[in-house]
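A.B. asks: Just to be clear, the model below is a prediction. Sequence and coordinates:
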Amino acid sequence: MPSAPHPATDERPAIVLGGGIGGLAAALALHRRGLPVTVHERAASLEPVGAGLALAPNALRALDVLGVGARLRALAVRHPAVGLRRPSGRWLARTDTDAVQRHFGDPVLAVARAELIAALLDALPPGTVRTDSPATLVDAGDAQTPALVDTRDGRREASLVVAADGIRSATRAHLFPHHPGPRYSGFTTWRTVIDTPERPPAAVGEVWGRGALTGIVPLAAGRVYVYAAALAPAGERAADGDEHAELLRRYGSWCAPLPELLRRTDATRVLRNDVWALTDPLPAFHRGRVALLGDAAHAMSPFQGQGACQAVEDAVVLASELPSPQAESDPIAALRAYSAARLPRTSRIVAGSHTMGRLVAVRSRPGVLLRDGALALAGRLPDRFLLDRSAPTFTWQPPSPAVETRS
């Protein structure tokens with residue numbers, strides 16, 4: 001434990017644990033707030049894990065606050081419509097992408113994960129991020145005493161610790177040892193980016209089968225992001241280790257253009273990961289001077305495309321609640337406000353993603369016919385009725401004022 005009290009408005013830096021999307025967004029938000037910050041990333045480099053991701057209108061507003069929204073919008077690939085099909089190719093529903101922008105002020109933008117990482121990293125001062133630098137929380141601190149973090153260079157005091165250390169967060173386990181942690185969703189996923197497809201895909205969106213789905217999303221520079229999910233036991237992998245062959249086995253007979261895209265996939269770039277989620281909400285997203293953020297706080301299944309979006313929201317809200325470096329204010333009260341703002345919203349989205357996953361998980365023939373019939377019926381409704389279902393998520397606005405502008 002710290003041996004002596006320190007004022008709540010000391011000059012100790014904030015420390016971010018984890019250099020993924022959430023950690024970099026948090027660091028940028030704190031920097032723009034005027035707070036000194038250091039990011040400790042265990043990996044030797046920030047080579048992004050993953051292939052592509054969706055940035056919904058709510059996330060784009062948060063990225064605007066961080067000063068990188070325009071850069072990412074410039075990567076937008078316009079496609080007139082996205083939709084949902086059966087493996088046979090029959091359309092169940094289609095949505096005009098212009099209608100999404102009219103309804104919410106922004107589209108749902110697909111980018112490569114590397115592009116978002118680069119945008120956040122480039123906006124940070126040089127030296128902010130330290131790779132190959134594992135760091136571990138030792139003490140969460142309180143209003144009078146700083147948090148303590150062990151790093152490769154020794155023990156460090158911090159005015160604030162932001163734990164963005166992922167779904168297996170050691171910090172979460174330290175703060176909430178009795179929480180059950182993530183639970184397996186029943187799904188495994190594959191992701192890849194195809195750099196040079198033979199031709200741009202004519203059909204964009206998702207294809208739902210029996211306990212499985214795939215998605216096809218155009219990216220900038222002519223690339224295509226392809227993802228898939230299927231029910232499978234946790235830890236199961238292709239018998240011969242060839243996940244590309246496993247994708248072809250499972251999805252190679254589904255509707256065009258999927259078979260062609262999969263055949264052109266670089267086998268070395270196929271990622272497979274099981275899906276775990278924090279379906280049991282935490283009691284809070286903070287303790288002492290430590291805030292949990294992103295997957296460490298509310299890991300969710302990918303069926304609403306909101307994982308990265310919610311991490312970026314977290315970063316903006318956290319920075320907005322913190323006192324400025326000159327203010328004499330209780331940082332613990334700020335973290336309580338952060339928990340109060342984020343816990344109900346993210347819990348609803350985690351639950352919604354879980355519910356969507358249950359629809360994808362339907363495997364019986366009668367169940368699939370019933371599900372697809374309901375989706376087709378919904379697809380005949382005007383766009384505004386379908387878009388209104390996304391409104392509670394997509395219409396989120398950053399706190400005002402959110403983060404002080406700082407170059």
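C.D. replies: Received the coordinates, thanks. Residues are numbered from 1 along each chain as shown.

A.B. asks: all contacts plus neighbour counts: C-alpha atoms, from now on.
C.D. replies: Will do.

A.B. asks: Which helix or strand contains the residue nearest the centre of the chain?
C.D. replies: Centroid-nearest residue in the chain, with CA atoms, centre = their mean: residue 308, separated by 1.8 Å. Remark: residue 308 resides in helix 307-321, with elements defined by DSSP states H and E.

A.B. asks: sorry, back to before: distance of the residue nearest to the centre of the chain relative to residue 18?
C.D. replies: Computed as CA to CA, to the nearest Å, the residue 308 to residue 18 distance reads 14 Å.

A.B. asks: who does the helix holding residue 308 touch, helix- and strand-wise?
C.D. replies: Secondary-structure packing of helix 307-321 (3 or more CA pairs under 8 Å, 6 or more residues apart in numbering; DSSP states H and E): helix 21-32, strand 52-55, helix 57-65, helix 331-360.

A.B. asks: so which of those gets nearest residue 78?
C.D. replies: Nearest to residue 78 among the helices and strands packed on helix 307-321 is strand 52-55 (13.8 Å), distances taken as CA to CA.

A.B. asks: Touching that closest one from outside, list them.
C.D. replies: Contacting residues not belonging to strand 52-55 are listed as 108-113, 191-193, 225, 305-306, 308-309 [CA atoms under 8 Å, 6 or more residues apart in numbering].

A.B. asks: one more time with 10 Å, if that's ok
C.D. replies: Outside of strand 52-55, the residues that reach it under the criterion CA atoms under 10 Å, 6 or more residues apart in numbering are 61, 63, 72-73, 106-116, 191-193, 217-219, 224-227, 302, 304-310, 312.

A.B. asks: re the thing from before, only C-alpha atoms, please: export the helix holding residue 308 in CSV.
C.D. replies: Once non-C-alpha atoms are left out, helix 307-321 reads as follows in CSV (Å, rounded to 0.1, in the frame of the first residue of the first chain):
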residue,chain,number,x,y,z
GLY,A,307,-17.4,-4.0,-29.6
ALA,A,308,-15.0,-1.4,-30.9
CYS,A,309,-17.7,1.3,-31.0
GLN,A,310,-18.4,1.0,-27.3
ALA,A,311,-14.7,1.1,-26.4
VAL,A,312,-14.3,4.4,-28.2
GLU,A,313,-17.5,5.7,-26.5
ASP,A,314,-16.0,4.6,-23.2
ALA,A,315,-12.8,6.6,-23.9
VAL,A,316,-14.7,9.9,-24.6
VAL,A,317,-17.0,9.6,-21.7
LEU,A,318,-14.2,8.8,-19.2
ALA,A,319,-12.2,11.8,-20.3
SER,A,320,-15.2,14.0,-20.1
GLU,A,321,-15.9,13.1,-16.5
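
A.B. asks: what mean pLDDT does it have?
C.D. replies: The predicted model assigns helix 307-321 a mean pLDDT of 97.

A.B. asks: Next, the angle from that helix to helix 331-360.
C.D. replies: Relative orientation of helix 307-321 with respect to helix 331-360: 160 degrees, computed using axes from the mean of the first three to the mean of the last three CA atoms, to 10 degrees.

A.B. asks: Does residue 244 touch residue 237 like I think?
C.D. replies: No - the pair residue 244 and residue 237 does not pass the contact test of CA atoms under 10 Å, sitting 11.3 Å apart.

A.B. asks: can you list residues touching both of the two?
C.D. replies: A shared contact of residue 244 and residue 237, defined by CA under 10 Å, 6+ apart, is any residue touching both; here these are residue 272.

A.B. asks: Compare neighbour counts for these two and give me the winner.
C.D. replies: Taking neighbours as other CA atoms under 10 Å, residue 244 and residue 237 compare with residue 244 leading, 21 against 16.

A.B. asks: so the more buried one, which of the three states?
C.D. replies: helix (DSSP: H, G, I helix; E, B strand; the rest coil).

A.B. asks: and it, what pLDDT?
C.D. replies: The predicted structure scores residue 244 at 97 on the pLDDT scale.

A.B. asks: now do residue 46
C.D. replies: Residue 46 is assigned a pLDDT of 86 by the prediction.

A.B. asks: Look at it and say how many residues are nearby.
C.D. replies: Taking other CA under 10 Å as the definition, residue 46 ends up with a neighbour count of 18.

A.B. asks: what sits against it?
C.D. replies: Listed by CA under 10 Å, 6+ apart, the contact partners of residue 46 are 19, 20, 114, 117, 118, 121, 129, 130, 131, 132.

A.B. asks: just the residues you listed now: which is nearest residue 374?
C.D. replies: residue 114 (36.7 Å).

A.B. asks: which secondary structure element contains that closest one?
C.D. replies: For residue 114, the element it lies in under DSSP H and E is helix 113-122.

A.B. asks: and that helix, what other elements does it pack with?
C.D. replies: Taking 3 or more CA pairs under 10 Å, 6 or more residues apart in numbering; DSSP states H and E as contact, the helices and strands that helix 113-122 lies on are helix 21-32, strand 52-55, helix 57-65, helix 69-73.

A.B. asks: Recalculate using a threshold of 7 Å.
C.D. replies: Packing partners of helix 113-122 (3 or more CA pairs under 7 Å, 6 or more residues apart in numbering; DSSP states H and E): helix 21-32.

A.B. asks: Measure how the helix it packs on sits relative to helix 307-321, angle-wise.
C.D. replies: In this structure, helix 21-32 runs at an angle of 20 degrees to helix 307-321, with the same axes, to 10 degrees as the basis.

A.B. asks: any idea how far residue 233 is from the nearest residue to residue 188 once chain neighbours are set aside?
C.D. replies: Leaving aside its sequence neighbours, residue 188 sits nearest to residue 274 (CA to CA, 6 or more residues apart in numbering; 4.1 Å). Residue 274 sits 9 Å away from residue 233, going by CA to CA.

A.B. asks: Compare those two (neighbour count), which wins?
C.D. replies: Each of residue 274 and residue 233 has its neighbours counted (other CA under 10 Å); residue 274 has more, 21 against 13.

A.B. asks: Identify the residues contacting residue 194.
C.D. replies: With contacts defined as CA atoms under 7 Å, 6 or more residues apart in numbering, residue 194 is in contact with 223, 224, 225, 265.

A.B. asks: I am finished for the moment; much appreciated.
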